[in-house]
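>>> I would like to see how this sequence folds:
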Amino acid sequence: MKLIVNYYTIFKIKLYRKIVRFLTTRTPNIKLIDILEKNFAKNKSEFCVIIVGANDGISHDFLYDFMINKNVVGIAIEPSLDIFNKLKNNFSIFPNIKLINKAVHPDKKEVILYRVDPLKYNQLPDWCNGIGSLFSEYHEKLAIDKKNIIEETVKADSLMNIFSEVEFSNRSIDLLQIDTEGFDFEIIKLIEFKKYHPKIIKYEYIHLTSQEQHDSITLLKHQGYICFSEGNDMLAIDLTKIKL
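Residues are numbered from 1 along each chain as shown. Okay, here's the model as predicted:
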């Protein structure tokens, strides 16, 4: 019944979008916060989240406020030590979220992270704080001068190894959130979908290449998800488990 209702909802959304496109340039939005509120609003129910590229856990992210006063479990991964320490402090109210100070990479145990120099934070917009990428040229896309970028060597591991490290098994993942500044599709490809099939996957779509954008959606559709854009992000939703 849930699947039928969801597909009926999608039909209405697509029909509405066609009408709206015909009449104006505006289209309706599907928002993650609305989906989470609809499906995981009960404070006592367990909410399992995996955050890859957690930053400090608060900046430019509504998820922290949503998780307050909820029974939250999961993993938050952040490679930069100074930012990780802020994450540790901010997430101290979530004792059942395991914090991992590593980057996620398919095979390397150590990688170079290109990030904004913390000493330059006050000279740049606040959204620059904590942005780190495995791609040396990434910050050029954001018009951040190379002189403001430093190289930081950080520990790394694959996503499934990290799951094993924290003994994260037999969990039903409600949300997998990925924000790794251009590396998001590589993270998605590391998921063992037969063992872990997140109900919702949110990833930063806009900084992928056009080929990666296409391939990421194709992969997720093959895994049974339907995809919706939300601003710069893509939401992949398992309609058998989530109400729209």
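>>> going forward, measure contacts and count neighbours with C-alpha atoms only.
OK.
>>> quick one: the helices in the protein, in order.
Assigned helices in the chain, in chain order: 2-23, 32-39, 63-67, 81-90, 138-141, 159-165, 184-188, 210-222 (criterion: DSSP state H).
>>> closest to N101 out of those helices?
helix 81-90 (6.3 Å; Cα to Cα).
>>> quick one: which of the helices of the chain has the weakest pLDDT on average?
Note on the helices of the chain: helix 2-23 shows the lowest mean pLDDT, a mean of 60.
>>> circling back: comparing the helices of the chain, which stretch has the densest surroundings?
helix 184-188 (a mean of 19; mean count of other Cα atoms under 10 Å).
>>> for that helix, which outside residues touch it?
V104, H105, P106, L159, I178, Y203, E204, Y205, L208, E212, S216 (Cα atoms under 8 Å, 6 or more residues apart in numbering).
>>> buried among those residues? Need that as a selection in ChimeraX.
Buried residues among those (16 or more other Cα atoms under 10 Å), as a ChimeraX selection:
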select :104,105,159,178,203,204,205,208,212,216
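>>> now the contacts of helix 184-188 as CSV including distance to C48?
Shown next, in CSV, are these (distance: Cα to Cα, whole Å):
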residue, distance to C48
V104, 19
H105, 22
P106, 23
L159, 16
I178, 14
Y203, 17
E204, 20
Y205, 23
L208, 26
E212, 27
S216, 23
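>>> from the contacts of helix 184-188, pick the one nearest S169.
For those, the nearest to S169 is L159 (12.6 Å; Cα to Cα).
>>> these two touch, right, that closest one and L190?
Yes - assessed by Cα atoms under 8 Å, L159 is found in contact with L190 at 6.4 Å.
>>> would you mind writing the CA trace of stretch 112-127 as PDB?
Written as PDB, here are the backbone C-alpha positions of stretch 112-127 (Å, rounded to 0.1, in the frame of the first residue of the first chain):
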ATOM      1  CA  ILE A 112      46.100  14.400   0.900                       C
ATOM      2  CA  LEU A 113      43.200  16.700   1.700                       C
ATOM      3  CA  TYR A 114      43.200  20.100   0.000                       C
ATOM      4  CA  ARG A 115      41.500  22.600   2.300                       C
ATOM      5  CA  VAL A 116      41.200  26.200   3.200                       C
ATOM      6  CA  ASP A 117      44.000  27.400   5.600                       C
ATOM      7  CA  PRO A 118      42.300  27.900   9.000                       C
ATOM      8  CA  LEU A 119      44.400  31.100   9.400                       C
ATOM      9  CA  LYS A 120      42.600  32.500   6.300                       C
ATOM     10  CA  TYR A 121      39.000  31.800   7.600                       C
ATOM     11  CA  ASN A 122      38.400  35.400   8.600                       C
ATOM     12  CA  GLN A 123      39.400  36.600   5.100                       C
ATOM     13  CA  LEU A 124      36.800  34.400   3.300                       C
ATOM     14  CA  PRO A 125      33.100  33.700   3.400                       C
ATOM     15  CA  ASP A 126      32.000  31.500   6.300                       C
ATOM     16  CA  TRP A 127      30.900  28.700   3.900                       C
END
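>>> only the buried residues of it, if you could.
I112, L113, Y114, R115, V116, D117, P118.
>>> can you add pLDDT and give these back as a markdown table?
Formatted as a markdown table, the buried residues of stretch 112-127 follow (pLDDT from 0 to 100):
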| residue | pLDDT |
| --- | --- |
| I112 | 96 |
| L113 | 92 |
| Y114 | 92 |
| R115 | 89 |
| V116 | 86 |
| D117 | 82 |
| P118 | 83 |
